[in-house]
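> Structure for the following, please:
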Amino acid sequence: MKEEEVIQFLSDSPDFFIKHTELLESLTLPHPASGKAISLLEYQVNQLRKSTASYRNEFERLVEVARENESTMKKSRRLVLASLACETLDDFAAVVDDMIRDDFDISFHSLVLFDDYPDCSIRTHFLTEDDLVLPQTSGFAECYCGELPEGELDFLFSENAKKIQSIAVLPILSTQSDSAQNLGVLVLGAEQVSAFHHEKGAMFLQYIADLLSAILTRLIK
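Next up, the predicted model:
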């Protein structure tokens, strides 16, 4: 009798082992860990334990995701409420400072606007077609986590540049037209390599960048 025929027979006869329970005690399989022969019933118990552990891990992961979503919602709410009170670019800078202090455990940040705002205390840098100061930082249309060239870090963080091991770039773009204009950038710098890296999701950071873009667009229009 071929193996395929046995498989087909058992598939067509799901009550076979109910009618012949004595076979369950005589069948043996290798233990998943030790390789020693164990009964089919013991093997099934081991498989059920694995499934239970897997379900437990998945449940714990879902709980952690729910906690992160709740935290994200609270942070977003605080930012939206704070933005309603912004009347000047300096108010905007204060909101950013408060957000970094209250919602991020990040050592350094640099906020740069890409235009001339003489009555504003925020740092500015006028972009050129072949910008040599922030060519990579100014080129992102979406949030980026990873590293930046040494020269750009020096410009953004001055004497603290050597301390930074990972960064997150939040581009601030105009929301008034289909062709997004680059208004500025918020760069977060961390001393821990694991704080920001390419494999980390940037969904929350992108959401924050979109909110900041909407706030800044309203203030400079």
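
> which residues touch Asp91?
Counting by CB atoms under 8 Å, 6 or more residues apart in numbering, Asp91 makes contact with 85, 219. From N, CA and C alone the C-beta is placed, and that goes for glycine too.

> Surely it is within a helix?
Yes - the assignment for Asp91 (DSSP: H, G, I helix; E, B strand; the rest coil) places it in a helix.

> Return the per-residue confidence for it.
With respect to pLDDT, Asp91 scores 92.

> if I look at it, how far off is Ser76?
Applying CB to CB, to the nearest Å, one obtains 19 Å for the distance of Asp91 from Ser76.

> Over to Gly146?
24 Å.

> Same question for Ile164.
For Ile164, the distance to Ser76 - CB to CB - is 26 Å.

> Compare these two and say which is more crowded by neighbours.
Neighbours were counted for Ile164 and for Ser76 using other CB atoms under 10 Å; Ile164 has more, 22 against 15.

> Would you check that that one makes contact with Gly189?
Yes - counting by CB atoms under 8 Å, Ile164 does reach Gly189; the two are 4.0 Å apart.

> quick one: common contacting residues for the two?
By CB under 8 Å, 6+ apart, the residues touching both Ile164 and Gly189 are 107-108, 153, 157.

> out of the residues you listed, who has the most neighbours?
Leu153 (22 neighbours).

> tell me the contacts of it?
Contacts of Leu153 by CB under 8 Å, 6+ apart are 161, 164, 167, 189.

> same thing but at 7 Å, please
Shown in contact with Leu153 (CB atoms under 7 Å, 6 or more residues apart in numbering): 161, 164.

> Quickly list what Ala190 is bridged to.
Beta-bridge partners for Ala190, by DSSP bridges, are Ser166.

> Next up, the contacts around it.
Here Ala190 is in contact with 106-107, 164-166, 196 (CB under 7 Å, 6+ apart).

> Can you give me the neighbour number for Leu132?
Neighbours of Leu132 (other CB under 10 Å): 7.

> Pretty sure it sits in a strand.
No - with three-state DSSP as the criterion, Leu132 is coil rather than part of a strand.

> Lys2 versus that one, what's the distance?
Taking CB to CB, one finds Leu132 at 73 Å from Lys2.

> Could you do Asp102 as well?
69 Å.

> Between these two, which is the more surrounded one?
Neighbours were counted for Asp102 and for Lys2 using other CB under 10 Å; Asp102 has more, 11 against 7.

> check which helix or strand covers the more buried one.
Following DSSP states H and E, one finds Asp102 within helix 89-103.

> Leu170: what secondary structure?
strand.

> partner residues bridging it?
In this entry, Leu170 is beta-bridged to Leu186, by DSSP bridges.

> Mean confidence (pLDDT) on stretch 13-25, please.
Averaged across stretch 13-25, pLDDT comes to 69.

> swap in stretch 58-70?
For stretch 58-70, the per-residue pLDDT averages 76.

> As a check, name the ranges of all strands in the chain.
Remark: strands assigned in the chain by DSSP state E are 28-30, 37-39, 108-113, 123-124, 144-146, 166-173, 182-190.

> Which of these has the highest mean neighbour count?
Mean neighbour count, computed with mean count of other CB atoms under 10 Å, is highest for strand 166-173 among the strands of the chain, reaching a mean of 24.
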